[in-house]
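Participant: no sequence for this one, just the structure:
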Ligand code: PPE
């Protein structure tokens with residue numbers, strides 16, 4: 001990971017190398033944290049954070065599902081993010097807010113632990129490898145099930161949830177695949193370890209319904225609108241693994257992954273990125289880079305850095 005200069009911790013900036021926590025931190029022992037992944041892009045009108053308010057709102061919702069009170073409002077976190085980018089003199093980066101039960105008491109109960117909040121940012125290129133966006137990647141259906149709604153609230157972007165993602169990712173890598181696809185306990189397609197998933201069949205785009213144990217992706221929400229505005233029929237419904245095998249095209253989306261095509265699932269070849277995937281990918285990348293005025297409301301320009 002590429003270090004930047006400053007990290008925001010509980011309201012103050014500390015040097016990257018000094019952003020340390022105590023080993024008795026509750027979140028380290030029990031995975032009791034919530035986080036976000038956000039990207040800032042340099043646009044013709046200055047650096048802009050894509051849907052910053054929406055990400056900070058989701059952070060607050062995730063905290064609520066962990067019975068956690070974040071001591072900073074959405075607006076305060078938005079401002080702190082802008083301050084972070086200015087302090088690091090960076091225009092294009094990945095941003096990682098995290099809130100966790102800190103150092104105080106050990107034991108599963110969270111009483112007696114402060115809620116600590118940190119924001120860091122660093123340059124992060126293509127999440128799934130250098131040629132991922134252009135050429136597509138391979139994926140393996142995981143033998144690990146996606147956690148269900150009554151196991152851990154999967155709607156929360158909680159740190160502990162990502163053991164599920166880590167297992168699926170590691171299994172896929174050990175099998176020679178770039179990414180995993182998780183199914184629900186009922187056998188429906190859920191999402192990737194860090195991405196939502198879509199198939200294209202006969203020109204129609206399908207994606208798992210929100211009930212399929214998926215994280216309600218902010219990129220997914222953006223793509224829903226972009227795809228419909230481009231004139232595609234876009235359907236949210238339960239999908240099964242054979243829908244993947246028989247798809248004309250498959251792609252994944254996420255803040256980190258952006259829009260990444262899939263070229264194979266298990267031992268089934270899907271092929272080179274197809275026309276629908278390409279159209280969605282191009283429109284999404286144009287949108288985050290401020291080239292689509294109709295979606296300008298999604299861009300939170302860094303105050304003081306906005307050009308006319
Ligand atoms: N599903 C999961 C499980 C997930 O982690 C992400 C984001 C998404 C879907 C897409 O959500 P959104 O970013 O709001 O469109 N994964 C984040 C973390 C990746 C990581 O390795 O860390 C991300 O993309 O930032």
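Facilitator: All right, it came through fine. Here the structure is a predicted model, which is why all the values come from computation and not from measurement.

Participant: need the three-state assignment for the closest residue to residue 250 other than its chain neighbours.
Facilitator: Once flanking residues are discounted, residue 250 sits nearest to residue 262: 4.0 Å by Cβ to Cβ, 6 or more residues apart in numbering. In short, each C-beta sits where N, CA and C put it, glycine included. Assigned by DSSP: H, G, I helix; E, B strand; the rest coil, the conformation of residue 262 is strand.

Participant: got the contact list for residue 262?
Facilitator: With contact taken as Cβ atoms under 8 Å, 6 or more residues apart in numbering, residue 262 is in contact with 136-139, 179, 250-252, 270.

Participant: residues contacting the closest residue to the ligand within the chain?
Facilitator: As assessed by Cβ to the nearest ligand atom, the ligand sits closest to residue 37 within the chain, at 2.0 Å. Residues in contact with residue 37 (Cβ under 8 Å, 6+ apart) are 55, 94-96, 194, 254-256.

Participant: for residue 127, same thing?
Facilitator: Neighbours of residue 127 in contact, by Cβ under 8 Å, 6+ apart: 194, 254, 256-258, 260.

Participant: out of these, which are buried?
Facilitator: 194, 254, 256-258, 260 (16 or more other Cβ atoms under 10 Å).

Participant: look up how far residue 244 lies from residue 269.
Facilitator: 12 Å (Cβ to Cβ, to the nearest Å).

Participant: which residues of the stretch 151-300 of the chain lie near the ligand?
Facilitator: 165, 191, 193-196, 215, 217-220, 253-257 (Cβ under 6 Å from any ligand atom).

Participant: strand partners of the helix or strand containing residue 116, parallel vs antiparallel please.
Facilitator: Assessed by DSSP states H and E, residue 116 sits inside strand 115-122. Strand 115-122 sits in its sheet next to strand 6-9 (antiparallel), strand 93-101 (antiparallel), going by DSSP bridges.

Participant: make CSV from the ones you listed and add mean pLDDT, distance to the ligand and mean neighbour count to it.
Facilitator: Below are the strands paired with strand 115-122 laid out as CSV (pLDDT from 0 to 100; distance: least, Cβ to the nearest ligand atom, whole Å; neighbours: other Cβ atoms under 10 Å):
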stretch, mean pLDDT, distance to the ligand, mean neighbour count
strand 6-9, 98, 17, 21
strand 93-101, 98, 7, 23
